[in-house]
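Novice: Coordinates for the following, if possible.
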Amino acid sequence: MTEPSKPRREQILDSASRLFSERGYHATSMRDLAGELGMQGGSLYAHISGKEELLIEIVNQASAQFDTALFYLRDDPRPAADKLREAMHRHIRVVADNMDSATVFFHEWKHLSPDAYARVTSWRDTIDQFYRDLVTQGIEQGQFRADLDPKMTANLILSAVNWAYTWYRPGGQMTPRDVADQYADMLLGGLLVPQRGEGS
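Specialist: Residues are numbered from 1 along each chain as shown. Just a heads-up that it's a prediction; the model follows:
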């Protein structure tokens with residue numbers, strides 16, 4: 001249900017996020033969206049130009065949330081392993097706090113028109129580079145193994161945190177911090193330079 005206290009456009013975005021997440025972008029019609037909002041179909045066009053405008057805005061808002069959560073860590077003075085753990089927590093927290101829009105962002109973005117699609121692809125490259133830089137920093141600090149491939153390692157990290165939207169359910173036994181810590185513990189076990197005496 002929409003929240004009457006919210007501005008109408010925000011109500012429309014919330015409903016679109018929920019319907020696109022549950023049914024998929026192509027399977028959701030403007031009539032479906034109008035019905036969810038208790039509006040006449042034609043009334044929606046007083047607020048939006050069409051369905052793709054909503055998809056673009058949902059995707060843009062989601063990318064901005066990830067930017068806000070992650071990019072301040074670039075200049076954080078903590079060691080790379082600690083920064084990676086915190087980045088994973090913040091990444092999963094964005095997903096957990098915005099399950100509908102996260103599902104749309106990760107699953108429905110492929111339906112964007114070419115220009116909007118290219119912008120998302122460029123943004124994904126930026127996030128990928130963020131995690132590569134963290135891995136490279138860890139190698140340079142002597143925390144992470146020198147034989148790691150930063151690109152492959154970043155792909156593994158992103159596969160873990162991005163796909164949380166497919167199975168994580170807010171309100172369950174595990175908090176986003178719990179999930180991030182377990183993922184980080186498993187990943188760091190393979191990334192960290194073994195301490196002297198380990199494995200002997």
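
Novice: rest of the way, CA atoms for contacts and neighbours
Specialist: Noted.

Novice: which element follows the worst-scoring helix or strand of the chain on mean pLDDT toward the C-terminus?
Specialist: Every helix and strand in the chain was compared by mean pLDDT, DSSP states H and E; the lowest is helix 30-37, with a mean of 91. From helix 30-37 onward toward the C-terminus, using DSSP states H and E, the following helix or strand is helix 51-70.

Novice: between that following helix and helix 30-37, how many degrees?
Specialist: With axes from the mean of the first three to the mean of the last three C-alpha atoms, to 10 degrees defining the directions, helix 51-70 sits at 60 degrees from helix 30-37.

Novice: what helices or strands is the helix or strand following helix 51-70 leaning on?
Specialist: Once the chain leaves helix 51-70, the next helix or strand it forms, by DSSP H and E, is helix 80-97. Helix 80-97 sits against helix 51-70, helix 114-140, helix 150-162, helix 176-191, with contacts defined as 3 or more C-alpha pairs under 8 Å, 6 or more residues apart in numbering; DSSP states H and E.

Novice: Tell me which of those lies nearest to residue 100.
Specialist: helix 51-70 (9.7 Å; C-alpha to C-alpha).

Novice: Give me the helices and strands touching the closest one, please.
Specialist: Partner elements for helix 51-70 (3+ C-alpha pairs under 8 Å, 6+ apart): helix 8-23, helix 80-97, helix 99-107, helix 114-140.
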